[in-house]
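Any chance you can model this:
(one chain, ligands or ions: 1)
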Amino acid sequence: MKAIVIDTPGDESCMKIGPADAPVLGPGMVRIRNVACGVNRADLLQRQGFYPPPPGASPILGLECAGRIAEVAKDVRGFAPGDRVMALLPGGGYAEESVVDAGSVIRLPGSLSFEEGAGSIETLLTVFLNVFQLAALPEGGSVLVHGGGSGIGTTAIDLVTRAGGRIVVTAGSEEKCRRCLELGATAAANYRSDDWVAVAREATGGRGVDVVLDSIGGPYLEGNLRALADDGALVLIGLMGGAKAEIPLGVLLARRLRVIGSTLRTRSAAQKAAIVAAFLARFGADFEAGRIRPILHQVFPLAQAAEAHRLLKSSGHFGKVVLRIADDGA
Ligand SMILES: NC(=O)c1ccc[n+]([C@@H]2O[C@H](COP(=O)([O-])OP(=O)(O)OC[C@H]3O[C@@H](n4cnc5c(N)ncnc54)[C@H](OP(=O)(O)O)[C@@H]3O)[C@@H](O)[C@H]2O)c1
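The predicted model follows:
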């Protein structure tokens, strides 16, 4: 099959279209003939050799895909060849075919395109897992998310407001802040010029937010804790700003705060299946009706994966960037 292959990790130019072995279908798995795959920040790290795939996962980049089921293992029920699906992958999305545990696959509603599906599943499950399951956002609670214009940020705005919560975002430009407000954010702080802790506290009547979803890390730790309400939870899902900080344990203790580190990719197939099931139980009706759909910034052909990575690196996007792999050969 055709895939993005990398001989030596490095800058964007190390990605080339080339031949790769078709992945082997194991028990409990389905094979997907991919039409599109999502581009995630983590792909940029993996391309440079900094984020190796978990043991047993495909070395090919790509954490999410959408396409049609091409083959189903004997023990899999509920999917059949030809079904339109999207899937959460531990790797292997930048390719014509992916194999994945059936529990990581969600049927694509007819109103969603393959590109929309490919740009949905990773951020939906990440936001759901971290905000709703791990941090246990209370009914009508509030969230602060950094990078409101990112794939994660735009999805968080959608799910939190849909659940009746309020969400404060940070972003690097007035334009991104404006677009986040248009999507339903309660408040938006330009982190280059505004005091985002003050904005988060003001938006919650001085109380602070119940949950912070943070992908910046070290330099934001102190501010994140100040932005939290008592009993709040900080969920760390990325380290874009740095991996080291000093934790003021007295603040955690006195204010009963939780700090949670979280990754989705390294979880077991059974854990991912449980997250998918819980997501569908909570948001499935909205998803199946086409009310939950990603903001697609741009779709590139697979051959232009390097351009897509440059765009993500520049943060010039708002929402998701997706690669088109093939036509739907149905
Ligand atoms: N742990 C997990 O399971 C998991 C799963 C999925 C994603 N993630 C992480 O979540 C993060 C977002 O992922 P993504 O794919 O949605 O990324 P993305 O679309 O590439 O967005 C990253 C965004 O961060 C913003 N940003 C950069 N520095 C910032 C700062 N100091 N303050 C606020 N915003 C800042 C950038 O926009 P502006 O600077 O222009 O605002 C950019 O839009 C990444 O770190 C990714 O690794 C983790």
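
in which helix or strand would I find residue 210?
Residue 210 belongs to strand 209-214 when assigned by DSSP states H and E.

same deal with residue 111?
Judged by DSSP H and E, residue 111 forms part of no helix or strand.

tell me, which strand in this structure spans the most residues?
Criterion DSSP state E: the longest strand present in the chain is strand 29-39.

partners of that strand in the sheet?
strand 64-72 (antiparallel), strand 97-101 (antiparallel), strand 320-324 (antiparallel) (DSSP bridges).

I'd like to know which of those strands lies nearest to residue 285.
Taking CB to CB, strand 64-72 is the member of the strands paired with strand 29-39 nearest to residue 285, at 20.2 Å. In short, each C-beta sits where N, CA and C put it, glycine included.

that older thread, may I have the longest strand of the chain as PDB, with CA atoms only?
Extracted in PDB, the C-alpha atoms of strand 29-39 (Å, rounded to 0.1, in the frame of the first residue of the first chain):
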ATOM      1  CA  MET A  29      -9.700  -5.900  14.600                       C
ATOM      2  CA  VAL A  30     -11.100  -4.300  11.500                       C
ATOM      3  CA  ARG A  31      -9.200  -3.100   8.400                       C
ATOM      4  CA  ILE A  32     -10.200   0.300   7.100                       C
ATOM      5  CA  ARG A  33      -9.500   1.600   3.600                       C
ATOM      6  CA  ASN A  34      -8.700   5.200   4.500                       C
ATOM      7  CA  VAL A  35     -10.200   8.100   2.700                       C
ATOM      8  CA  ALA A  36      -8.800  10.800   5.000                       C
ATOM      9  CA  CYS A  37      -6.700  11.100   8.200                       C
ATOM     10  CA  GLY A  38      -6.400  13.800  10.800                       C
ATOM     11  CA  VAL A  39      -3.200  15.800  11.500                       C
END
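
now that strand: how far from the chain's centre is it?
16 Å (CA atoms, centre = their mean, to the nearest Å).

quick one: residue 31 from the ligand, how far?
With the distance defined as CB to the nearest ligand atom, to the nearest Å, residue 31 ends up 24 Å from the ligand.
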